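Engineer: what's the 3D shape of this:
(2 chains)
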Protein chains: 2
Amino acid sequence: MIRLWWSSRSPYVRIVTLALHELDCADAVTLCPVSVSQKTPQSNLALAGDNPMVSIPTIVFKDGQTLSESALICLALDRRFAPGRLVPLASAEMEATLARVATAKLMIDAMMQLRLYPGFRENDVEARIEGYRWKLERTLNHFETAAAPQQGGSADLGDLTLAAGLSYLDFRLPEIAWRTARPRLADRHAAFAARPSFQATEYVDG
Amino acid sequence: MIRLWWSSRSPYVRIVTLALHELDCADAVTLCPVSVSQKTPQSNLALAGDNPMVSIPTIVFKDGQTLSESALICLALDRRFAPGRLVPLASAEMEATLARVATAKLMIDAMMQLRLYPGFRENDVEARIEGYRWKLERTLNHFETAAAPQQGGSADLGDLTLAAGLSYLDFRLPEIAWRTARPRLADRHAAFAARPSFQATEYVDG
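Structural biologist: The predicted structure follows:
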């Protein structure tokens, strides 16, 4: 059985549940209700075991593949269950669809901020910062212990995204000593940092 | 020439510039520097013309296709320039890569919040709310005037994402009367709301 970490209140989750129904595979999925708090992610250790960023939606396929982020989950579901029905296979049509996905998803991000901001209070912000720190540390640990997928000098989009993130820590949040106690991740990032693509795209302040 | 709305300081932009170099197509792209403020998105009207959410990265291809959101841009670049190099074509390998993309990208989101929160002050929050409202209104107008892509009763991932968003407005931000002066978008949403997938996934509070 496929498991989906789920809430009836999340627009990101709803994108995935809509996709499950449109792909006629909702019956193959068990919904696992969870209430996610930005302030206390450590209260969701079961979800954290499947997704160190403790976010929903998160899906766990029968073969063990775990995946988060609504658009990427839906792309995977489409290719597994009805290739091309929700995300066209031909490049031009695929791009037109992805363009609309991106704009609508960024719009939902704005809605979430509009919901969130009016309730901000000083100590609430502190609690949120603690929550984000906890998730960040846990996710860095995840990448330290996860099998390094880089083979034979190639780099995929996962490597690029991780490299952009780790370098941003050095650039903007240097107080987070992420290399300490993470020698494998540090080595892997150093190897990536030697690539011409990395050197051609350094962050520049100002 | 391809145009990329760009900043040297954004980790999301860097994912795309890394991809351009890894795909050996950086020379085909003109970087358009822009400084994006969450508080005054209206100061970036040129970018807003390409992307109503006024976010970077945003890419404009020679054929006019415009696309935002780093992972989706990179997927499009991969399929255009070197299919499978950054995002594998085979389903299982693709999913493993997308899983790492999602986790690393959610981690970057947390970093951005960690950067943002300590500087929050009351009037700063008000200005941010105004900025998000402006972008939201503009993006709703974009969907009102954009050609409806739905044909012959089918719905793609763009339709699903938009429907999840519009319904979330009704659910959580009912004060935003998005249907007013947007009859086409209202009709289109009403048609989508009649689908079994929509009815099976209604938001439930509590």
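Engineer: when you work out contacts or count neighbours from here on, use the C-alpha atoms and nothing else.
Structural biologist: Will do.
Engineer: can you pull out the low-pLDDT segments for chain A?
Structural biologist: Scanning chain A for pLDDT under 70 picks out A:147-152.
Engineer: ranges for the strands of it?
Structural biologist: For chain A, applying DSSP state E gives strands covering A:2-6, A:29-33, A:58-60, A:66-68.
Engineer: now those strands as CSV including distance to chain B and mean neighbour count?
Structural biologist: Supplementary listing: these in CSV, determined by distance: least, C-alpha to the nearest C-alpha, whole Å; neighbours: other C-alpha atoms under 10 Å in any protein chain shown:
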stretch, distance to chain B, mean neighbour count
strand A:2-6, 11, 21
strand A:29-33, 12, 14
strand A:58-60, 10, 24
strand A:66-68, 5, 25
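Engineer: how about CSV for those strands, with distance to A:Ala90 added?
Structural biologist: Below are the strands of chain A laid out as CSV (distance: least, C-alpha to C-alpha, whole Å):
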stretch, distance to A:Ala90
strand A:2-6, 28
strand A:29-33, 28
strand A:58-60, 26
strand A:66-68, 24
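Engineer: B:Phe61 is nearest to which of those?
Structural biologist: B:Phe61 lies closest to strand A:66-68 among those, at 28.2 Å (C-alpha to C-alpha).
Engineer: given the closest one, what are its sheet partners and their directions?
Structural biologist: strand A:58-60 (antiparallel) (DSSP bridges).
Engineer: now find how far off-centre the strand it pairs with is within its chain.
Structural biologist: Between the mean C-alpha location of strand A:58-60 and the chain-wide mean there is a distance of 11 Å, by C-alpha atoms, centre = their mean, to the nearest Å.
Engineer: and chain A, what are its domains?
Structural biologist: Structural domains annotated on chain A: A:1-146, A:151-206, as defined by automatic domain parsing.
Engineer: ranking these by burial, who's on top?
Structural biologist: Highest mean neighbour count of the domains of chain A: domain A:1-146, a mean of 19 (counted as mean count of other C-alpha atoms under 10 Å in any protein chain shown).
Engineer: span of that domain from start to end?
Structural biologist: Start and end residues of domain A:1-146 are separated by 24 Å (C-alpha to C-alpha, to the nearest Å).
Engineer: could you dump the domains of chain A into a markdown table with distance to B:Ile129 added?
Structural biologist: A markdown table is the format used below for the domains of chain A (distance: least, C-alpha to C-alpha, whole Å):
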| stretch | distance to B:Ile129 |
| --- | --- |
| domain A:1-146 | 6 |
| domain A:151-206 | 24 |
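Engineer: between those, which one is closest to B:Asp156.
Structural biologist: Comparing those against B:Asp156 with C-alpha to C-alpha, the closest turns out to be domain A:1-146 (4.1 Å).
Engineer: right, and A:Val29 touches A:Ile2 too?
Structural biologist: Yes - A:Val29 sits in contact with A:Ile2 when judged by C-alpha atoms under 8 Å, with a separation of 4.6 Å.
Engineer: for B:Asp63, find the nearest of the domains of chain A.
Structural biologist: With distances scored as C-alpha to C-alpha, the stretch of those nearest to B:Asp63 is domain A:1-146 (9.8 Å).
Engineer: figure out how far that closest one is from the centre of its chain.
Structural biologist: The answer for domain A:1-146 is 7 Å, by C-alpha atoms, centre = their mean.
Engineer: gap between the closest residue to A:Ser91 other than its chain neighbours and A:Leu89?
Structural biologist: Nearest residue to A:Ser91, sequence neighbours excluded (C-alpha to C-alpha, 6 or more residues apart in numbering or on different chains): B:Arg79, at 6.7 Å. Applying C-alpha to C-alpha, the value for B:Arg79 to A:Leu89 is 10 Å.
Engineer: nearest residue to A:Leu136 other than its sequence neighbours?
Structural biologist: B:Met107 (6.2 Å).
Engineer: need the contact list for the nearest residue to A:Ala155 once chain neighbours are set aside.
Structural biologist: Counting by C-alpha to C-alpha, 6+ apart, the nearest residue to A:Ala155 once its immediate chain neighbours are dropped is B:Leu86, at 6.8 Å. Residues in contact with B:Leu86 (C-alpha atoms under 8 Å, 6 or more residues apart in numbering or on different chains) are A:155-157, B:19, B:23, B:74-75, B:78.
Engineer: I figured A:Arg184 hits A:Glu144, correct?
Structural biologist: Yes - proximity of A:Arg184 to A:Glu144 meets the contact threshold set by C-alpha under 8 Å, at 5.9 Å.
Engineer: so who does the residue nearest to A:Gly84 when sequence neighbours are not counted touch?
Structural biologist: Distance criterion C-alpha to C-alpha, 6+ apart; nearest residue to A:Gly84, sequence neighbours excluded, is A:Asp78 at 6.5 Å. Taking C-alpha under 8 Å, 6+ apart as the criterion, A:Asp78 is in contact with A:23, A:84-87.
Engineer: thinking again about what came up before, separation between the residue nearest to A:Leu136 and B:Ala90?
Structural biologist: The gap separating B:Met107 from B:Ala90 is 26 Å, by C-alpha to C-alpha.
Engineer: who touches A:Met94 in this structure?
Structural biologist: In this structure, A:Met94 makes contact with A:87-88, judged by C-alpha under 8 Å, 6+ apart.
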